[in-house]
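> Test case, fold it:
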Amino acid sequence: MAQSQTDVVILGGGHNGLVCAFYLARAGLKVTVLERRGVVGGAAVTEEFHPGFRNSTASYTVSLLNPRVIADMELPRHGLRVVERRAANFLPFDDGRYLLTGEGRTQAEVAKFSVRDSERLPDYEARLETVAAILRDLILTTPPNVVEGGWLAALPEMLKAASLGRRVSGLGLAAQRDLLDLFAKSAGDWLDGWFESDPIKALFGFDSVVGHYASPYTPGSAYVLLHHVFGEVNGKKGAWGHAIGGMGAITQAMAAACAEQGVDIRLGAPVAEVLTEKGRAVGAVTEAGDVIRARAVVSNLHPRLLFDRLVDPAVVPADFTERMGRYASGSGTFRMNLALSELPRFTALPGAGDHLTAGIIIAPTLAYMDRAHAEARLNGWSSKPIVEMLIPSTLDDSLSPPGQHVASLFCQHVAPDLSDEHRDTVADLMIETVEAHAPGFKASVVGRLALGPRDLERRFGLIGGDIFHGRLTLDQLFSARPVLGHADHRMPVPGLYLCGSGAHPGGGVTGAPGHNAARAVLKDLRPG
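Sure, this is the predicted structure:
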């Protein structure tokens, strides 16, 4: 048992914890990061899952990583390289047709199904981008926070709210109406108002159920759609790409940037408790009994994990504890990695090609997605699931042996409490779902790693398998994330901060919560 002293101790070495550590250390603070696992990165990690085959274990594709974070941490200098998909998305359909989208392709492809929808597409994209641009501006901004203590304490937050109001009012009435629709409506209602053909609605509607245990017709799901489009790759807005070496390449580059700033990263150091004295967080105690005292404690963990297991409930206000107990967290996600002896051959588009570098989506209609959610709620999983498959080895040959490939399957919907005993049954179903569109696919699978929601919780601390650290619903967004009154990353225990995806702006590999939390810590530890 050892004792040490630092300025800031960060719980969890996921990407947001590393981002936060970097900014704090760059400002001159002494920072210690405690990571439970033997590898840094949290859910953004690359691991061997079958002999000779490596892949991103949980998160699996790049778009939302914030350009400011990339530039400040100089991630390319530390080895990060992101390549774009040669096509954006490929949707094969039961009738033998397909939709293949991407730069210079989408409008002509949509015209195969509806000339009207093709003509409307540029206007749709422009109006969606107008709203997405506002969100990009807010990503690295702390939301207005509800505070107590009279008008003097509230004044800075009132000014912040006024500034936000001016940004929104500057949109124009039509864009303000779009903003309201995208926050309040279902993705299905939003898309039905724009398009007539099922394929184009399925293409955009898929984003509304990614990591979201809901139907595309669930109110508020339009925001989840929007959340997935405000990213960029190599300066191209809305694009998606692949990190060479997998998602772990991002966090390894971040760890290198942190090391350059003198951050102490300790692996295999699970935290047993947040140390508190006189109601204030003053450090952390590891399961090995080591005590790290600090001026501030910053958590990169899921907020429920933090308060359910690590913080003494006696120092937490009762109302906060009650609301955290109701904090909604649970995803319909089933994550798989497959080792393949050969590339799949799709009936709709045989042979190799750009479509195999795309996000391959098996979910032909919004109605299909709606039924998948309903059946999962009733039976634990859907007999006709939603599957997105990426084959990153088409862009990165370092992941698999020569001539062979790895595939990432990101599948919806299964119940967040799916029993482990059903894991293999569901995994077989996901493979059969791809097999129906690419005969011979099942025979090409030589190894697999299947992770249900409980596996994701055990391995990465994602409660209910929730990739966002809490659902992206209106009552858990912006000033209400994770709980109204604590949107400024300061938790109800003085000296305790939240830097993970449970804070604004939510999930995805963005680095934004870590960036914003560091700003709050620095303001408190270095007044003036």
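
> Kindly list the longest helix within the chain.
Longest helix of the chain, by residue count under DSSP state H: helix 115-139.

> Averaged pLDDT, that one. What do you get?
The average pLDDT for helix 115-139 rounds to 90.

> got a list of contacts for it?
Helix 115-139 is contacted from outside by 66, 106-108, 110-111, 164, 167-168, 171, 174-175, 178-179, 182, 194-197, 200, 226-227, 229-230, 237-238, 478, 505, 510, 512, using CB atoms under 8 Å, 6 or more residues apart in numbering. Using the backbone N, CA and C atoms, a C-beta is placed for each residue, glycine as well.

> So which of these sit within helices?
Using DSSP H, the contacts of helix 115-139 in helices are 106-108, 110-111, 164, 167-168, 174-175, 178-179, 182, 200, 226-227, 512.

> Buried ones only from these, please, as a PyMOL command.
Written as a PyMOL command, the selection of buried residues from those, which uses 16 or more other CB atoms under 10 Å, is:
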select buried, resi 106+110+164+175+178+179+182+200+226+227+512
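
> number of nearby residues for Pro350?
Residues within reach of Pro350, counting by other CB atoms under 10 Å, total 9.

> ok, it to Leu395 distance?
Pro350 is 20 Å from Leu395, where distance means CB to CB, to the nearest Å.

> tell me what the one helix or strand Ala222 maps to is packed against?
Per DSSP states H and E, Ala222 falls inside helix 221-227. When contacts are defined as 3 or more CB pairs under 8 Å, 6 or more residues apart in numbering; DSSP states H and E, helix 221-227 sits against helix 115-139, helix 173-184, helix 187-192.

> Just the residues contacting the last one, thanks.
Contacts made with helix 187-192 from outside it, assessed by CB under 8 Å, 6+ apart, are listed as 181-182, 201, 204-205, 207-209, 215-217, 221-222, 224-225, 366, 370.

> Distance from the helix or strand where Leu449 lies to the middle of the chain?
Taking DSSP H and E as the definition, one finds Leu449 inside strand 445-451. The chain centre lies 22 Å from the centre of strand 445-451; the measure is CA atoms, centre = their mean, to the nearest Å.

> Show residues contacting it.
Taking CB under 8 Å, 6+ apart as the rule, strand 445-451 contacts 49-51, 53, 57-58, 334-341, 404, 423-424, 426-427, 431, 459.

> ditto for stretch 348-356
With CB under 8 Å, 6+ apart as the criterion, stretch 348-356 contacts 86-87, 90, 92-93, 96-98, 100, 102, 343-346, 391, 394, 437.

> average pLDDT across that stretch?
Stretch 348-356 comes out with an average pLDDT of 94.

> again, but for stretch 22-41
If you average the pLDDT over stretch 22-41, you get 97.

> same check, this time on stretch 309-317
pLDDT averaged over stretch 309-317 gives 96.

> Please apply the same query to stretch 363-379.
The average pLDDT within stretch 363-379 is 96.

> roughly how far apart are Thr141 and Asp524?
In this view, Thr141 and Asp524 are 18 Å apart by CB to CB.

> I meant to write Asn145 there.
With the distance defined as CB to CB, Asn145 ends up 14 Å from Asp524.

> With Arg423 instead?
Taken as CB to CB, the span from Arg423 to Asp524 is 44 Å.

> ok, now Lys278?
17 Å.

> same thing with Gly508?
Counting by CB to CB - Gly508 and Asp524 are separated by 27 Å.

> Compare the two (neighbour count), which wins?
Gly508 (25 against 15).

> how about the nearest residue to that one, chain neighbours excluded?
Leu64 (4.0 Å; CB to CB, 6 or more residues apart in numbering).

> number of nearby residues for the one you found?
23.

> quick one: it is in a helix?
No. Applying DSSP: H, G, I helix; E, B strand; the rest coil, one finds Leu64 to be coil, outside a helix.

> That one reaches Val233, doesn't it?
No. Under the criterion of CB atoms under 8 Å, Leu64 makes no contact with Val233, lying 9.7 Å away.

> Quick check, pLDDT for Ala184.
pLDDT, Ala184: 88.

> do the same with the one 3 residues further on
Confidence at Ala187, expressed as pLDDT, is 93.

> Count the neighbours of the nearest residue to it once chain neighbours are set aside for me.
Nearest residue to Ala187, sequence neighbours excluded (CB to CB, 6+ apart): Ser208, at 3.4 Å. When neighbours are defined as other CB under 10 Å, Ser208 has 28 of them.

> now swap in the one 4 residues further on and tell me
Residues lying near His212 (other CB under 10 Å) number 32.

> who's in contact with the residue nearest to it when sequence neighbours are not counted?
The shortest distance from His212 to any non-neighbouring residue, by CB to CB, 6+ apart, is to Val224 (4.7 Å). Applying CB under 8 Å, 6+ apart, we find Val224 in contact with Ala187, Asp207, Ser208, Val209, Val210, Gly211, His212, Ala214, Leu472.

> ditto for His515
His515 neighbours (CB under 8 Å, 6+ apart): Val19, Cys20, Tyr23, Asn66, Arg68, Val69, Leu140.

> Show me what counts as buried in the helix or strand where it lies.
Taking DSSP H and E as the criterion, His515 maps to helix 512-525. Applying a neighbour-count criterion of 16+ other CB under 10 Å, one finds Ala512, Pro513, Gly514, His515, Asn516, Ala517, Ala518, Arg519, Ala520, Val521, Leu522 buried in helix 512-525.

> now do stretch 334-343
Across stretch 334-343, burial judged by 16+ other CB under 10 Å covers Phe334, Arg335, Met336, Asn337, Leu338, Ala339, Leu340, Leu343.

> show me where the stretch 351-500 of the chain has helices.
Along the stretch 351-500 of the chain, counting by DSSP state H, counting those that start in this stretch, helices occupy 366-379, 423-435, 441-444, 453-460.

> now these as a markdown table including mean neighbour count and distance to Val285?
As requested, those are exported to a markdown table (neighbours: other CB atoms under 10 Å; distance: least, CB to CB, whole Å):
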| stretch | mean neighbour count | distance to Val285 |
| --- | --- | --- |
| helix 366-379 | 18 | 39 |
| helix 423-435 | 17 | 34 |
| helix 441-444 | 17 | 48 |
| helix 453-460 | 20 | 22 |
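
> Quick check: Phe320 touching Arg490?
No. Counting by CB under 8 Å, Phe320 does not reach Arg490; the two are 12.0 Å apart.

> more neighbours, these two?
Looking at Phe320 and Arg490 with other CB under 10 Å, you find the greater number of neighbours at Arg490, namely 21 against 18.

> Any idea what the more buried one is bridged to?
With beta bridges defined as DSSP bridges, Arg490 has these partners: Tyr497.

> Please tell me how far the residue lying closest to Lys442 once chain neighbours are set aside sits from Phe334.
Closest residue in space to Lys442, ignoring its immediate chain neighbours: Glu435 at 4.6 Å, by CB to CB, 6+ apart. Applying CB to CB, the value for Glu435 to Phe334 is 16 Å.

> Thr276 and Asp312, how far apart?
As defined by CB to CB, Thr276 lies at a distance of 6 Å from Asp312.

> More neighbours: which of those two?
Between Thr276 and Asp312, counted using other CB under 10 Å, Thr276 has the larger neighbour count: 20 against 14.

> For the more buried one, which residues are in contact?
Shown in contact with Thr276 (CB under 8 Å, 6+ apart): Val282, Val311, Asp312, Val315, Val493.

> Give me the buried entries from those.
By 16+ other CB under 10 Å, the contacts of Thr276 give Val282, Val311, Val315, Val493 as buried.

> wait, which of the residues you listed is closest to Ala27?
Val282 (20.6 Å; CB to CB).

> Where does that closest one sit: helix, strand or coil?
Of the three states, Val282 takes strand under three-state DSSP.

> burial of the closest residue to Leu179 other than its chain neighbours, as a residue count?
In space, and not counting its chain neighbours, Leu179 is closest to Val131: 5.2 Å by CB to CB, 6+ apart. Around Val131 there are 20 other residues, counting by other CB under 10 Å.
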